[in-house]
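K.L.:
build the 3D model from these lines:
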Amino acid sequence: MVAMGHALRQVRASLLPCPVNGDPGAILRDRDGRVLATWLLDIKGGRVQAIRSAMNPDKLRHHGAPADLRSVMQEA
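P.N.:
Residues are numbered from 1 along each chain as shown. Got it, this is the predicted structure:
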């Protein structure tokens, strides 16, 4: 997870907290605002139990234009 955070900082990605499908989550966007992934948080008793991620461009389109994850990671 630390390596991923470092790579995302290098490409100036941002993680924006927001509901995902009505549940707590976040959208990960590249520096141009395109969607890299969504994170859905499973919360129980006020604590995060699991983080579910969607990275399939076909499933991200309703959140905005999807990014080319392969190109972003190669840049990192």
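
K.L.:
all strands of the chain, in order?
P.N.:
For the chain, the strands defined by DSSP state E occupy 14-17, 25-29, 35-44, 47-54.

K.L.:
packing partners of the third one?
P.N.:
For strand 35-44, the contact count by 3 or more Cβ pairs under 8 Å, 6 or more residues apart in numbering; DSSP states H and E identifies strand 25-29, strand 47-54, helix 57-60, helix 69-75 as packing neighbours. Yep, even glycine has a C-beta here, placed from its N, CA and C like the rest.

K.L.:
which residue of the protein sits farthest from its center?
P.N.:
Relative to the centre of the chain, the most outlying C-alpha is that of residue 45, 23.7 Å out, by Cα atoms, centre = their mean.

K.L.:
least trustworthy helix or strand in this protein by mean pLDDT?
P.N.:
The helix or strand of the chain with the poorest confidence is helix 2-10; it has a mean of 69 (mean pLDDT, DSSP states H and E).

K.L.:
most packed of the helices and strands packed on strand 35-44?
P.N.:
strand 25-29 (a mean of 20; mean count of other Cβ atoms under 10 Å).

K.L.:
other residues contacting that one?
P.N.:
The contact list for strand 25-29, computed with Cβ atoms under 8 Å, 6 or more residues apart in numbering, reads 8, 13-20, 35-41, 63-64, 67.

K.L.:
having no further points to raise, I will conclude here.
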